[in-house]
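**Q** I would like the atomic coordinates for the input below:
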Amino acid sequence: MRKTQDKRKAPLRFLGLLLLAGISCGALAYVAINPSILQVFSPRVSVVEPTASIAEPVPEPIPQPLEIRSEARTTRIPVIMYHDVTPDKEVSFDVTPERFREQLAMIRANGSTPISLDQLTAYLTKGEALPPKPIVLTFDDGYLGQLTYAYPLLQEFNYPAVFYVHTAFVGSLAGRPHMTWEQLQQISKEGLVSIQSHTVNHPADLGAMDYEKIYFELAESKKTLEAKLGKPIQHLCYPTGKRDARVVAIAKELGYITATTMDDDYVGTSRGLLELNRFGQSQLAQALENSTDVPDPDLAISEVKVDFTRPLSYMQVGIGDVELSMALGGQPYTVHGDQRYNLKDYQTQVTNGAAAVTGSFFPLRTRTPAKLIGPVLARNEGVFISPPLEETGNLDGRPLVLIGADRMIFAPMNRGYLLDEAGVRSLMPEAQDVFLAGTWLVRAGVAQTADQMKKLIDSYAQVRHRSFIGVTGEGRFVAGITHNRRSAPSLAQALVQAGVQEAVLLDSGASTDLVFRGQSLVQYEPRPV
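**A** Residues are numbered from 1 along each chain as shown. The predicted structure is shown next:
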């Protein structure tokens, strides 16, 4: 996958979210709100005339493998990797027949159901139904022990599986004996186990080879298997799991539908169908314990249509004991600052910026600079910044915000596939702004609870000034702050009552600020950010 490195010399420290006015003027047209829960606590309720929109270039989408549906990413389906099955273990990843029987019994006792790669693919791409707790069993290298010891047990349990074969070793007796073409043809004919490609020569690192050699390994193996077995070969296994963007592109060009790696995780967190994760067989118990075909609401991806042409308006309201200032409508875009700024001063530097709110979370490892965490794509830079994996601990599950031409996506951060640009664009090819927020406040119109928030941030219960962005039920962008100090759960409840459909928490504390038409709307001097 392609990673775009940040080549600017200035350190990146600030992400501000700016609003542009809509295309036509008009009166305040917020969502319908029950008047009994709103008390205007300030006379400053106004409508702003729209400013001109800025035409921003849309990044060219990166070519992608076949996509995994968003819904499929909310389940946890494991693919398990085996190698040889033999009475005499020589290496750690060998499995004895007795241990393999125990593992098959473990799968059955867990209520899990082995499925084929074709079934998995149909689910990931089309949403076709699967049996309860699906699991895929795969075997690498075409060893004779897989036929002698594993295959009879798979037949006994009636469990489908995949044997990945490297064609140059078929029938070889050097080292460990391998299955012959006659044996592979018989297995393929019987249908319980699918024979698929593991390249020709099993190179240690496909990504280290030149283009012609990669092409040969993938194309010749496919061609040979199809000629010998009389069936289309659509599934590939990368030897040792190693590959690069060229390898994936060649696999796609040759018509492979899936390809498996050795990246430990459930398939829903894979970069794509041509980079499916697999657990080693030693992790079977762990994989089974957490596997489920039932969508996990914590993994749900929210996609909402937003009308960014709506005129920009401002209102202050009180909802219960939460006092809010909100800018509604307009076209949002993000600005990544090169140093710490006072938000009011910074807004004057942005052409056509009518309103601004302090942005996303950052770790205070050092106070100067305070680097943003997570992936960043700011419209003022147009450069996707992929953070090093070692700097992204404890980010999984936080909301990653993607802003496109007429929609927004709020996706749970997953470092398995959302750290780089290719993974992000698999969700939204036209994304123009990407940044990580602190926690969900509202998901699908439901206020998030303290128990849900504490999984992501420690400060959820603290009483602070807070900033947020979101989308109303009528598809209008909203950005705002609390005027009084409140906990994140109380803010979430207030936003739901105000008709907000999706919302995430941004800044908290003494740096929280909302600037509207050049005026800061907080009653204190906010800290530069």
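**Q** quick one: furthest residue from the center of this structure?
**A** Residue farthest from the centre of the chain, counting by C-alpha atoms, centre = their mean, is residue 173 at 44.2 Å.
**Q** per-residue pLDDT, that residue?
**A** On pLDDT, residue 173 comes in at 90.
**Q** helix, strand or coil for it?
**A** Under the three-state scheme (DSSP: H, G, I helix; E, B strand; the rest coil), residue 173 adopts coil.
**Q** distance check, it against residue 144.
**A** 9 Å (C-beta to C-beta, to the nearest Å). Every residue, glycine included, has its C-beta placed from N, CA and C.
**Q** residue 238 too?
**A** From residue 238 to residue 144 the distance is 23 Å (C-beta to C-beta).
**Q** and residue 233, what does it touch?
**A** Contact partners of residue 233, counting by C-beta atoms under 8 Å, 6 or more residues apart in numbering, are 196, 197, 221, 222, 225, 226, 256.
**Q** and it, what element?
**A** Assessed by DSSP states H and E, residue 233 sits outside every helix and strand.
**Q** ramachandran angles for it?
**A** Dihedral pair for residue 233: phi -110, psi 110, per degrees, to the nearest 10.
**Q** list the buried ones in the host helix or strand of residue 188?
**A** Element membership for residue 188 (DSSP H and E) is helix 181-190. Neighbour counts over helix 181-190 (16 or more other C-beta atoms under 10 Å) mark 183, 184, 187, 188 as buried.
**Q** could you pull out the helices for the stretch 201-350 of the chain?
**A** 211-229, 245-253, 284-290, 343-347 (DSSP state H, counting those that start in this stretch).
**Q** got those as CSV, with mean neighbour count, mean pLDDT and distance to residue 380 columns?
**A** Output for the helices of the stretch 201-350 of the chain, formatted as CSV (neighbours: other C-beta atoms under 10 Å; pLDDT from 0 to 100; distance: least, C-beta to C-beta, whole Å):
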stretch, mean neighbour count, mean pLDDT, distance to residue 380
helix 211-229, 18, 97, 37
helix 245-253, 19, 95, 27
helix 284-290, 15, 93, 41
helix 343-347, 20, 84, 11
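**Q** redo those as JSON lines? Include distance to residue 498.
**A** Shown next, in JSON lines, are the helices of the stretch 201-350 of the chain (distance: least, C-beta to C-beta, whole Å):
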{"stretch": "helix 211-229", "distance to residue 498": "54"}
{"stretch": "helix 245-253", "distance to residue 498": "45"}
{"stretch": "helix 284-290", "distance to residue 498": "36"}
{"stretch": "helix 343-347", "distance to residue 498": "23"}
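**Q** beyond the longest strand that the chain contains, next helix or strand please.
**A** Ranked by number of residues, the top strand in the chain under DSSP state E is strand 500-508. Tracing the chain past strand 500-508, the next element assigned as helix or strand by DSSP H and E is strand 514-516.
**Q** can you give me the strands in the stretch 301-450 of the chain?
**A** In the stretch 301-450 of the chain, the segments counted as strands under DSSP state E, counting those that start in this stretch are 302-305, 313-319, 322-328, 331-337, 355-357, 376-377, 384-385, 399-403, 407-412, 433-436, 440-443, 446-447.
**Q** what comes up buried for the first one?
**A** Translated: strand 302-305. By 16+ other C-beta under 10 Å, the buried positions in strand 302-305 come out as 302, 304.
**Q** where in this structure is pLDDT low?
**A** 1-66, 361-371 (pLDDT under 70).
**Q** same thing but 80
**A** 1-67, 337-340, 348-353, 360-373, 388-394, 529 (pLDDT under 80).
**Q** what sits against residue 431?
**A** By C-beta under 8 Å, 6+ apart, the neighbours of residue 431 are 59, 377, 402, 403, 404, 409, 424, 425.
**Q** nearest to residue 278 among these?
**A** Nearest to residue 278 out of the contacts of residue 431 is residue 424 (C-beta to C-beta; 23.1 Å).
**Q** which residues touch the closest one?
**A** Residues in contact with residue 424 (C-beta under 8 Å, 6+ apart) are 375, 377, 384, 400, 402, 418, 431, 434.
**Q** would you list those in a markdown table and tack on distance to residue 287?
**A** As requested, the contacts of residue 424 are exported to a markdown table (distance: C-beta to C-beta, whole Å):
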| residue | distance to residue 287 |
| --- | --- |
| 375 | 27 |
| 377 | 33 |
| 384 | 32 |
| 400 | 25 |
| 402 | 29 |
| 418 | 21 |
| 431 | 32 |
| 434 | 30 |
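**Q** of these - the most surrounded one?
**A** When neighbours are counted by other C-beta atoms under 10 Å, residue 418 leads the contacts of residue 424 with 27 neighbours.
**Q** shouldn't that one be in contact with residue 399?
**A** No: with contact defined as C-beta atoms under 8 Å, residue 418 does not count as touching residue 399 (11.1 Å).
**Q** where do the contact lists of these two overlap?
**A** Counting by C-beta under 8 Å, 6+ apart, the residues touching both residue 418 and residue 399 are residue 411.
**Q** ok, back up a step: so how far is the longest strand of the chain off the chain centroid?
**A** Relative to the centre of its chain, strand 500-508 is centred 19 Å away, using C-alpha atoms, centre = their mean, to the nearest Å.
**Q** who are the packing partners of that strand?
**A** For strand 500-508, the packing partners by 3 or more C-beta pairs under 8 Å, 6 or more residues apart in numbering; DSSP states H and E come out as strand 302-305, strand 407-412, strand 440-443, strand 466-472, helix 488-497.
**Q** what angle sits between the last one and strand 313-319?
**A** Following axes from the mean of the first three to the mean of the last three C-alpha atoms, to 10 degrees, one obtains 120 degrees for the angle between helix 488-497 and strand 313-319.
**Q** please apply the same query to the fourth one.
**A** Inter-element angle recorded for strand 466-472 and strand 313-319: 110 degrees (by the same axes, to 10 degrees).
**Q** quick one, strand 466-472 and strand 322-328 angle?
**A** Angle, strand 466-472 to strand 322-328, by the same axes, to 10 degrees: 50 degrees.
**Q** not counting its neighbours along the chain, what's nearest residue 120?
**A** For residue 120, ignoring the flanking residues on the chain, the nearest one in space by C-beta to C-beta, 6 or more residues apart in numbering is residue 136 at 5.6 Å.
**Q** now swap in residue 146 and tell me
**A** Excluding its sequence neighbours, the residue lying closest to residue 146 (C-beta to C-beta, 6+ apart) is residue 139, at 5.0 Å.
**Q** which of the three states applies to that neighbour?
**A** Following three-state DSSP, we place residue 139 in the strand state.
**Q** how close does it sit to residue 155?
**A** Residue 139 sits 14 Å away from residue 155, taking C-beta to C-beta as the criterion.
**Q** so those two - more neighbours on which side?
**A** Neighbour count, other C-beta under 10 Å: between residue 139 and residue 155, residue 139 has more, with 28 against 12.
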